[in-house]
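Peer 1: model this:
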Amino acid sequence: MAMDALEALDASAERNLALVAQVGPEQWDSPTPCTAWNVRTLVGHLIVGRHVYCGILHGCPATELRSIMARQSEAADDDPVGACEDAVRALRAAFSAPGALDRTVTHPTMGEMSGRRLLVQLVCDTVVHSWDLATAIGADPGLDDRLVEFAYAFYTGPPFGDGALYNVGYFAAPTESLSPGASPLDRLIHLVGRG
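Peer 2: Residues are numbered from 1 along each chain as shown. Below is the predicted model of the structure:
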């Protein structure tokens, strides 16, 4: 049975929080599959990204969104688990409010979309970055196959199908062929150019 957007949000947030809690003190400066980010900045991205998406849902101006994004490098400094938990709670409250999923919002780079699509985009980003984080710290990603399929369907559907996913600049195209019998997670990771 397919997940709905809020169910996927809860599942992705739960797993992501568990992975953040597994980061050891010596691992915060470790590299990640996102070559521009170490573990600290990746977790910072996950924290501020949730706040940015709350801001988009509420129609915050671009200057305010940029101000939130500017805090990415230090967002995971003092209490990364607590900061992630706070961001998850804020996001859940914002998107579960009456009418939030049906609202028309404007994403800074993707244009107009429904609140539901905005939430799905954030969830799918979190799924991929949970794999990035797990890989960086040597942990089991532990991602539910339904959640992985949820993200795969989003990234292969409109407007991302037929290679358009790579035109928006979020992901690199795969450089190697996908092995036969690949798992759902392998298929997703290959799709977003991680393997």
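Peer 1: Any idea how far stretch 186-195 is from the middle of the chain?
Peer 2: 15 Å (CA atoms, centre = their mean, to the nearest Å).
Peer 1: Would you point out the helix or strand in the protein whose mean pLDDT is lowest?
Peer 2: The least trusted helix or strand in the chain, going by mean pLDDT, DSSP states H and E, turns out to be helix 62-69, with a mean of 93.
Peer 1: these two touch, right, residue 108 and residue 65?
Peer 2: Yes: using CB atoms under 8 Å, residue 108 makes contact with residue 65 at a distance of 6.4 Å. Any C-beta I mention is one placed from the backbone N, CA and C, and that applies to glycine too.
Peer 1: More neighbours: those two, which one.
Peer 2: residue 65 (18 against 11; other CB atoms under 10 Å).
Peer 1: show me where the chain has helices.
Peer 2: For the chain, applying DSSP state H gives helices covering 5-21, 39-57, 62-69, 80-95, 115-137, 145-156, 184-191.
Peer 1: quick one, which of these is nearest to residue 104?
Peer 2: Closest approach to residue 104 among these is made by helix 115-137 (7.7 Å; CB to CB).
Peer 1: pLDDT below threshold where in the chain?
Peer 2: 1, 195 (pLDDT under 70).
Peer 1: Quickly list what's touching both of residue 108 and residue 65.
Peer 2: residue 56 (CB atoms under 8 Å, 6 or more residues apart in numbering).
Peer 1: And for residue 191, the neighbour number?
Peer 2: 21.
Peer 1: looking at it, it is touching residue 157, isn't it?
Peer 2: No: using CB under 8 Å, residue 191 is not in contact with residue 157; the gap is 11.8 Å.
Peer 1: Residue 182: what's it in contact with?
Peer 2: residue 190.
Peer 1: Got the phi and psi for it?
Peer 2: The phi and psi values for residue 182, taken as degrees, to the nearest 10, are phi -60, psi 150.
Peer 1: measure it to residue 32 for me?
Peer 2: 22 Å (CB to CB, to the nearest Å).
Peer 1: next one: residue 169
Peer 2: Distance from residue 169 to residue 32, by CB to CB: 18 Å.
Peer 1: Contacts for stretch 169-181, please.
Peer 2: 125, 155, 163, 165, 166, 186, 187, 190, 191, 192, 193, 195.
Peer 1: between those residues, which is nearest residue 140?
Peer 2: With CB to CB as the yardstick, the closest approach to residue 140 among those comes from residue 186, at 14.2 Å.
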